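*Asks:* sequence and predicted structure, then a few things I'm wondering about:
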Amino acid sequence: MKMRLKSVLCASAIGAVALAAGQASANSELLKMQKDPNQWVMPLGNYSGQRYSELSQINKDNVKNLKVAWSFSTGVLRGHEGGPLVIGDMMYVHAPFPNTVFAIDLANANRIVWKFEPKQDASVIPVMCCDTVNRGLAYADGQIFLSQADTTLVALDAKTGKVAWTAKNGDASKGETSTAAPLVIKDKVYVGISGGEFGVRGHLTAYDTKTGKQVWRGYSMGPDSDTLMDPEKTTHLGKPVGKDSGTNTWQGDQWKIGGGTTWGWFSYDPDLNLIYYGSGNPSTWNPVQRPGDNRWSMTIFARDADTGMAKWVYQMTPHDEWDYDGVNEMILADIDVKGKPTKALVHFDRNGFAYTMDRTNGALLVAEKYDPAVNWATHVDMATGRPQVVDKYSTHKQGEDVNTKGICPAALGTKDQQPSAFSPKTKLFYVPTNHVCMDYEPFKVAYAAGQPYVGATLSMYPAPGGTHLGNFIAWDASEGKIKWSIPEPFSVWSGALATAGDVVFYGTLEGYLKAVDANSGKELFRFKTPSGIIGNVNTYVHNGKQHIAVLSGVGGWAGIGMAAGLQEDTAGLGAVGAYKQLSNYTQLGGVLTVFTVD
Amino acid sequence: MSFRILFKHAATAGFAAAALFVGMLPASGQSAPQTASTPPSDKPYTVEDGNKVDPKTYNGYRRYHSVCHTCHGPDGMGSSFAPSLVESLTRLSSDQFEGIVAGGQQGNAGGNVRVMPPFGSDPNVMDHILDIYSYLKARSDGALGRGRPERLVAAKTN
């Protein structure tokens, strides 16, 4: 018999009248489940993407007594992104390639009830630019959904692990792969695609959860029939985008290998019926080879979940010159923005700007740097939405075969995919950031299907004035200000968790799980797990007790650049020097650690 | 324009990488492709003051940090999942190196399945393979330190 804490329901009303006939059961079940803090039923916790839990059994007064309850090895090495799902007494754990899925019975000695190990061609491994990560599973209606590295979307029976159906979302021989977690809304499961470094044209695709048939696909660039845009009704900062906006800012046919891949996180507003996500960098990394604004790369999309039609878009970095992918999470929060209650969307972009939008109509309300080191643009012009680029840091202006130096942030951004958290209690956003700058030299490259299509040389180093490579910050999105900032020796690459217990959790690249006070940022607890953490901290209740769960397993882009250190160890700086090697602190691993308080 | 690249068997890990490639170069005005028919000297690079290099080695630095570094890390130092080439080139000859780059290879080190793709048909790599080798050899020999080197002469680039 399941024991549950009293769950605290949010105040928002579920629009029963909005449900169309035939969608009722999956829609209302998942909508209800994602409000239950005892479970963790979707990648970001719930549709708003806030990564906030109402649970307070673990709180700022007792978190210092956090202890390991149990741990579990996935049997896989390489970067472990994402986090486990908990549905009732069952926990579902995923892994990097080969993307093994485990169903663990929390009520029966954590027994593995079933295991699904996909058979994938290992040749997909090297076509994954930034490690063989997978950001997690989706659940709905008794099914578990996995998006495999080779782009096969699989629906598994949650009780038995048997394959219900598969669908092929892309072609790995063209450099198309999958790393993002799917999202289920009503009767459809939504998946993105990866491969922006291989000239892949990005898209978001919806599949029927029962049959696996493709329902719609919205591309990031191309003619209106591909991008699913209405020249009059789809707007950009309030203005209609016009005909074929996805081709008329590209030269010739370049949009066909345009990039704009969709490998980040998805959120959903059930009242507006809009799914929100961002698109990645345009292809190639050499801006001189692709003149034009390159719409709609680097763009926040709001699409109708039923039809895929884009309601509004906002391109954050037109004609990208630095690889600042726009795919980071879109947090939906009802907050006061400059004194006015707003249905907001808050997004911490790779480019170093934190954006607050009105999620109903795509109005731009706030755009401020969330790391003072950001220098490639002075500010975002609020009338046009365009960043004001500084010539000295414009890799296009400086030219091909010229090394443009000292650009902040580096290509891995002020924040990469690692998702932040929002606390409706403190009204603060908790953001895991990078504090790294770069030199970037573009040069000409040729396109060959399935081969990298990059065209730039990078070197990265810590932001000037410090020796640390990351900060964990608390951000006020209505004013656009940092409230407090915890420096970390390495980039903070984990997903954060905020709780009603006034505690915020995050993981470090050396492998620490840390708990800090949600108001002051004071460290309350730390524990070194078996390997560096690039996963997301999740929480759930089992047997009346709150648990904290996080995957350890260093890798991802951090594992590429930081393992051997970013630069030569300068004599005299020693272990606390600026150019320390991550490999001195952690090695590969693949372990889930679950914590609780007695 | 067409070219052939002939590779000897790669001796490492018993993996045969012999292949005959026939491919088309993009018409981008690039110079003639580099081949393995003229073996480079033991020290194909020129390094002065520990960080100033000849134009070919400089080009090798750029090409390495465009494609190769995404797995093999900055400056050939290795990553959490691909080996340090600074170490590998103490063991591999230039022919072995080119064979692996062209044909790819797989390995299993302690449960960690590693796969390197074949770059044999990628002009962005193979047209510059001798430059990439020169750069990595300079690093491996300890002649060239980490970080971006300087060009010894202002050079036309490949």
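*Replies:* Nice, I can see it. Quick caveat, the model's predicted, so the values are computed rather than measured.

*Asks:* just give me the neighbour total for the closest residue in space to residue B:71 that isn't next to it in sequence.
*Replies:* Nearest non-adjacent residue to residue B:71, counting by Cβ to Cβ, 6 or more residues apart in numbering or on different chains: residue B:82, 4.0 Å away. In this view, the C-beta of every residue, glycine as well, is placed from N, C-alpha and C. Applying other Cβ atoms under 10 Å in any protein chain shown, we find 23 residues neighbouring residue B:82.

*Asks:* per-residue pLDDT, residue B:82?
*Replies:* According to the per-residue confidence, residue B:82 scores 87 in pLDDT.

*Asks:* for residue A:12, same thing?
*Replies:* 39.

*Asks:* do residue A:307 as well
*Replies:* 98.

*Asks:* next, count neighbours for it.
*Replies:* 13.

*Asks:* same check, this time on residue A:340
*Replies:* 10.

*Asks:* tell me the bridge partners for it.
*Replies:* Beta bridges link residue A:340 to residue A:337 when assigned by DSSP bridges.

*Asks:* circling back: the residue nearest to residue B:71 and residue B:74, how far apart?
*Replies:* For residue B:82, the distance to residue B:74 equals 12 Å [Cβ to Cβ, to the nearest Å].

*Asks:* who's in contact with the residue nearest to residue B:71?
*Replies:* Shown in contact with residue B:82 (Cβ atoms under 8 Å, 6 or more residues apart in numbering or on different chains): B:71-73, B:114, B:116.

*Asks:* so which of those residues belong to helices?
*Replies:* B:71-72 (DSSP state H).

*Asks:* show me what from the stretch 1-150 of chain A comes close to chain B.
*Replies:* When proximity is defined as Cβ under 8 Å from any Cβ of the partner chain, the stretch 1-150 of chain A approaches chain B at A:75, A:77-79, A:97, A:122-123, A:125-127, A:129-131.

*Asks:* which of the residues you listed has the most neighbours?
*Replies:* residue A:79 (31 neighbours).

*Asks:* just the pLDDT at the closest residue to residue A:417 other than its chain neighbours, thanks.
*Replies:* Using Cβ to Cβ, 6+ apart and skipping the chain neighbours, the partner closest in space to residue A:417 is residue A:264 (5.5 Å). Per-residue confidence (pLDDT) for residue A:264: 97.

*Asks:* same thing with the one 10 residues further on?
*Replies:* According to the prediction, residue A:274 has pLDDT 98.

*Asks:* go on, the one 3 residues further on?
*Replies:* Residue A:277 is assigned 98 on the pLDDT scale.

*Asks:* now residue B:107
*Replies:* 83.

*Asks:* how about the nearest residue to it, chain neighbours excluded?
*Replies:* Per Cβ to Cβ, 6+ apart, closest to residue B:107 is residue B:114, 4.6 Å.

*Asks:* give the contact list for residue A:473.
*Replies:* With Cβ under 8 Å, 6+ apart, residue A:473 has these contacts: A:370, A:430-431, A:433, A:482-486.

*Asks:* at 7 Å what do you get?
*Replies:* Going by Cβ atoms under 7 Å, 6 or more residues apart in numbering or on different chains, residue A:473 touches A:370, A:431, A:433, A:482, A:484-485.

*Asks:* spatially nearest residue to residue 51 (excluding sequence neighbours)?
*Replies:* Chain wasn't specified; assuming chain A. In space, residue A:51 is closest to residue A:421, 3.8 Å off (Cβ to Cβ, 6+ apart).

*Asks:* not quite, go with chain B.
*Replies:* Residue B:51's closest residue in space is residue B:149 (Cβ to Cβ, 6+ apart), at 5.1 Å.

*Asks:* re the thing from before, which SS class is the residue nearest to residue B:71?
*Replies:* coil (DSSP: H, G, I helix; E, B strand; the rest coil).

*Asks:* could you point out which element follows the helix or strand hosting residue B:95?
*Replies:* Per DSSP states H and E, residue B:95 falls inside helix B:94-103. Using DSSP H and E, the helix or strand that directly follows helix B:94-103 along the chain is strand B:105-109.

*Asks:* check which helices and strands that next one sits against.
*Replies:* strand B:112-116 (3 or more Cβ pairs under 7 Å, 6 or more residues apart in numbering or on different chains; DSSP states H and E).

*Asks:* quick one: low-confidence residue ranges for chain B.
*Replies:* B:1-41, B:154-158 (pLDDT under 70).

*Asks:* recalculate using a threshold of 80.
*Replies:* B:1-42, B:108-113, B:153-158 (pLDDT under 80).

*Asks:* what segments of chain B are strands?
*Replies:* Counting by DSSP state E, chain B has strands at residues B:2-6, B:20-24, B:47-48, B:52-53, B:105-109, B:112-116, B:150-151.

*Asks:* so what does the nearest residue to residue A:557 once chain neighbours are set aside look like in phi/psi?
*Replies:* In space, and not counting its chain neighbours, residue A:557 is closest to residue A:130: 4.4 Å by Cβ to Cβ, 6+ apart. Dihedral angles of residue A:130 (phi, psi; degrees, to the nearest 10) stand at phi -130, psi 50.
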